Structure formats: structure tokens, C-alpha cells
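Engineer: need the 3D shape of this:
(one chain, ligands or ions: 2)
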Amino acid sequence: MIALDEIAGALDRAACDATAIPQWSGDQALSVETAYAVQARLVAVRHARGHRQIGIKMGFTSRAKMRQMGVSEMIWGRLTEDMRVDDGDEIELSRYVHPRIEPEVAFLLKSNLAGRVSGAEALAAVEAVAPAMEIIDSRYESFKFNLADVIADNASSSGFVVGGWRPKDIPLGHLGVILEVDGRVRQIGSTADILGHPLRSLVAAAALIGAAGETLRPGDIVMAGGVTAAEPLAPGISVRAVVEQLGQVTIRTV
Ligand code: OOG
Ligand code: MG
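Structural biologist: Ligands and ions are numbered 1, 2, ... in the order given. Next comes the predicted model:
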């Protein structure tokens, strides 16, 4: 029997101490189902520290991300309050193992959403959309993992920053996206890189959450997944993502 709490505990300590651990392998190799159970326990530990869940993140919804990490199935993870970074804020890199950043699109929900829904039904549950960036930080050595490992590690979630909320009637299908480091363009993509349309990521999120017996709720944030490959974060830089028509979002590192 694999001890779920032991694995969740090791991942939580790795995050708290900003120290990488080996992947689960051999006797401890995880199934996808077990991995989601570990993730739930890992996040329950954060809840016990008083950090409320405020949404979810989708992972591997673009080819660029799948290619960069060698994982080709969609995953999801949980976002807690303490992961939120305000637009324009500075983050302290010593809190992370080997953080990276990627441009995303975020949805803010105004009603419950779960299960099999159409694009129109998903959009009806949306209050607003925003440009966003996710800070991912694998707790595994060398940022290497397989599908189950990354699921157990809460899909590498470690921070997210959302720009100003914009009306959901802005067509989201083909908006240019850039990621800049110190004013230099490092990554270029399109919102179409997210499953052809970011709304498809929300549809997939509803299906995955529903299958897990959970529900997205009003006020929840859903991160649609990285548009481009992620860029490593180094100290003393400024990172900006710009999404055509939606605006921009920035963080600085120390
Ligand atoms: C895993 C999480 C994937 C995304 O947006 O595709 C993800 C990782 O890349 O470490 O956040
Ligand atoms: Mg991401």
C-alpha cells in the first residue's frame, strides 16, 4: 500500500523548504488516480493552514507546454489564496525551488460549473476574463516528472497573477500573446494555442472537476493553461505578459 499522506507530506515539505525531491518510482510509482488523491491531501494540508481554495488551473492545454514537459494529457490542480500574487508585485525567489513563468488567460466564474457542458454553457458561467501568468515550480529534481508525478505535485502550482478583469464578450479565439523579460520578447503565441480556443479549456475543466465529484463555484478563478513554453525566473527581472485586447500583467523578482 502506498501511503498517500506520506507522499503528500513529502511534497508539502519540499514546497515549504524550497528543496527538490526525487520522482516517485519503483514501489512508490503512482497511478493517475492515486496521484489525484495525493493532490487532494496535499491541498488539504494547505487548507488546514488557513489557505482557502479559490479556483483551479488547467495544465498541458497547449502543444508548446506538452512539448516542453513531455506530457501530453490534460491535468488540473488547485489554486489556494496564498498562491495569489498581485499585478505589479515583487516575488521572493528564495521561496521557490526552480520557478518558471508562463502566459495564460484566466476566467472568473459567476455560477456553478461542473460536468459535461457546451462552450456556450461554459461561457454563460463566466463573469469576466483576464490576462494572467502562472508561476510553476516543480517540487521534483531537475523539473522532471511523469504524468502522475506532476498531478500529485498539484500540477506544479505555486503562484499566479491575474491582470484587470475584462468583459467576457471580447472574442477570445485568436488573440496574440507575448511574454517579455526585462522588455525583451521571449515567447510568442496565440490564445488559439490553448486547445484551439481558451473556452475549450474551461469546458475541459468542468468535465474533469465533475468527474472528480467536485464543482467550480461562483468567484472561482480558472487558469486556462500556458499558451507558450515557460521561461525560468531569475532574480532582479521584470516579467510581463500581454494578451491582445485583454491587456497586460507584470511581476518583478528579487
Ligand atoms: C506542469 C503544469 C502545466 C500548464 O499551464 O500547462 C501547466 C508544469 O509544466 O510543470 O501549468
Ligand atoms: Mg500553467
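
Engineer: for Lys57, list each beta-bridge partner.
Structural biologist: Gly77, Met223 (DSSP bridges).

Engineer: burial measure for it, as a count.
Structural biologist: Each residue near Lys57 was counted by other C-beta atoms under 10 Å, and the total is 29. Placement of C-beta: from N, CA and C, glycine included.

Engineer: which residues touch Trp165?
Structural biologist: Shown in contact with Trp165 (C-beta atoms under 8 Å, 6 or more residues apart in numbering): Leu108, Glu127, Ala128, Val129, Ala130.

Engineer: neighbour-wise, which of those leads?
Structural biologist: Neighbour max across those (other C-beta under 10 Å) = Val129, 28 neighbours.

Engineer: tell me, what's the model's pLDDT at that one?
Structural biologist: Predicted confidence (pLDDT) for Val129: 98.

Engineer: who does the residue of the stretch 1-150 of the chain found nearest ligand 2 bridge with?
Structural biologist: Here the stretch 1-150 of the chain gets closest to ligand 2 at one residue, Glu134, 3.8 Å apart by C-beta to the ion. For Glu134, the beta-bridge partners under DSSP bridges are Glu102, Phe160.

Engineer: residue contacts, Val126?
Structural biologist: Val126 neighbours (C-beta under 8 Å, 6+ apart): Phe107, Leu108, Leu109, Lys110, Lys168, Leu202.

Engineer: now, which of those lie within strands?
Structural biologist: Within those, residues falling in strands by DSSP state E are Phe107, Leu108, Leu109.

Engineer: what is the nearest of those residues to ligand 1?
Structural biologist: Ligand 1 has its nearest neighbour among the ones in strands among the contacts of Val126 in Phe107, at 13.8 Å by C-beta to the nearest ligand atom.
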